[in-house]
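Trainee: Sequence plus the predicted model coming up.
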Amino acid sequence: MWLDGGHSIETIQSDWDNIKRCLVEDAVVFFDDYYTGPIDTERYGCNKIVQGLKHKVLPDRDPVAGGGWVQIVQVFP
């Protein structure tokens with residue numbers, strides 16, 4: 001499953017809350033918008049959401065305008 005519906009924590013949390021009920025055993029979910037650098041991760045990105053989940057930040061990254069990086073996270077619910 002691929003989650004990439006928005007950048008705000010509220011949108012990402014809503015997507016996660018709605019999709020996790022539909023996951024089958026051994027499902028794998030990918031979140032976009034895992035930020036590193038000078039980005040307010042209290043308001044944007046999935047960092048705070050995946051913090052309490054078993055996850056792996058994938059190594060590929062793209063630059064963000066204004067500084068920092070965005071990566072994809074693999075989550076194992």
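Mentor: Right, received. Where do you want to start?

Trainee: Every contact and neighbour count from this point should use C-alpha atoms.
Mentor: Will do.

Trainee: quick check: longest helix of this protein.
Mentor: Counting residues, the longest helix found in the chain (DSSP state H) is helix 9-19.

Trainee: Just the mean pLDDT for the very next helix or strand once past that helix, thanks.
Mentor: Next along the chain after helix 9-19, taking DSSP states H and E as the criterion, comes strand 29-36. Mean per-residue pLDDT for strand 29-36: 94.

Trainee: list the buried ones in the longest helix of the chain?
Mentor: By neighbour count on 16 or more other Cα atoms under 10 Å, the buried set for helix 9-19 is 9, 11, 12, 13, 16.

Trainee: Let me know the angle separating it from strand 29-36.
Mentor: 160 degrees (axes from the mean of the first three to the mean of the last three Cα atoms, to 10 degrees).

Trainee: Remind me what helix 9-19 packs against, helices and strands.
Mentor: When contacts are defined as 3 or more Cα pairs under 8 Å, 6 or more residues apart in numbering; DSSP states H and E, helix 9-19 packs onto strand 2-3, helix 47-50.
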